[in-house]
Every structure is written in structure tokens, then in C-alpha cells.
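**Student:** This is the structure alone, sequence omitted:
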């Protein structure tokens, strides 16, 4: 009888054709996305705005910039390539992030600081980046936008 019960249990388990759902630790993924955004900012300071954005933009990425229509894909990349970033540096700090349950999409937001090299002032603003995880596990941003004009500490 135990042999028959074992066979029945084996058959029932074998018939379960539902795909296995991998458990995603969204807390770990969120921390990973924040680290990616911090590395993005670090690269902007070390190598320049252009190099950092070229490294982290998705091939279909969208840039939303003041006074401009959305810059999409090749147009966004062309805009970045034409950017002269020798007279300023840009850095930012993510304040928070959200990652989807499937951990393939997420967003970060925070405060940025634009440092013009020919002025003693620092311009602050807010930003949001929407990210997509590539098959190789790297995050690339698919949309980036910022709003200027906040005072430090606000």
C-alpha cells in the first residue's frame, strides 16, 4: 500500500505543469538599482555627463529636456554625443527607488546638483529615471527627466 501511495504522489507531482515562479527579493533588487544610479552619478563626475549617459542609456532610451520635444533612441544618443560637458559637472543622489515584482523594471528619483565651472553657484533640481533590466542583469535607463530650480535643503 505504501508503494502505491508513493507512486500516486509521484504522479501527482509530475502532473503539476505550472511553471516554477522564481522568488524575487525586491529589497535586494531595489538596493541594486540604487547602487546602479549612484555608480551612474559617480561616472558623471569622474568621466563627464556625456560618457556616463552614453554608458547607461538604453538603445531606445528617452530624454525629456526643458524646451525640447522628447528625444528618443538614436536622437537621444545623437543629442548626448553633441553635448559639450567640459564647462559643467553633474552629480545626483537617489533618494529612493522602486522595483517591479518581476525585477525587470524600476525607477529612481532624487536631487541633482549642476556645477558650472565658470561660476561659484550650484544649481539644484529633482530628477527621475526609469530603468529596465537587460538580459545580462545590467540596468539601463529608458527614460530620464529632471526639473531645475530647487533650493538646497528643500
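**Tutor:** Noted; the coordinates are in hand. Keep in mind it's a predicted model, so treat the numbers as computed, not measured. Residues are numbered from 1 along each chain as shown.
**Student:** for residue 70, what are its contacts?
**Tutor:** 62, 63, 64 (Cβ atoms under 8 Å, 6 or more residues apart in numbering). Heads up, the C-betas are built off the backbone N, CA and C, glycines and all.
**Student:** Please read off the pLDDT at it from the model.
**Tutor:** Confidence at residue 70, expressed as pLDDT, is 96.
**Student:** Just want the most central residue of the chain.
**Tutor:** residue 131 (3.5 Å; Cα atoms, centre = their mean).
**Student:** Please identify the buried residues of the helix or strand hosting that one?
**Tutor:** Following DSSP states H and E, one finds residue 131 within strand 123-133. For strand 123-133, the neighbour count (16 or more other Cβ atoms under 10 Å) marks 124, 126, 127, 128, 129, 130, 131, 132, 133 as buried.
**Student:** Stretch 37-52 now?
**Tutor:** 37, 38, 40, 41, 43, 44, 48, 49, 50, 52.
**Student:** just how off-centre is the helix or strand containing residue 111 within its chain?
**Tutor:** Taking DSSP H and E as the definition, residue 111 sits inside strand 105-116. Distance of strand 105-116 from the chain centroid (Cα atoms, centre = their mean, to the nearest Å) equals 10 Å.
**Student:** Show me what secondary structure element comes after the helix or strand hosting residue 35.
**Tutor:** Assignment of secondary structure by DSSP H and E places residue 35 within helix 26-47. Moving toward the C-terminus from helix 26-47, the next helix or strand (DSSP H and E) is helix 49-56.
**Student:** what's that next one packed up against?
**Tutor:** helix 26-47, helix 74-82, strand 88-99, strand 139-150 (3 or more Cβ pairs under 8 Å, 6 or more residues apart in numbering; DSSP states H and E).
**Student:** Not counting the first one itself, show me its contacts.
**Tutor:** Contacts of helix 26-47 with the rest of the structure, by Cβ under 8 Å, 6+ apart, involve 51-53, 55-56, 89-94, 96-101, 103, 106, 108, 110, 129, 131, 138-139, 141.
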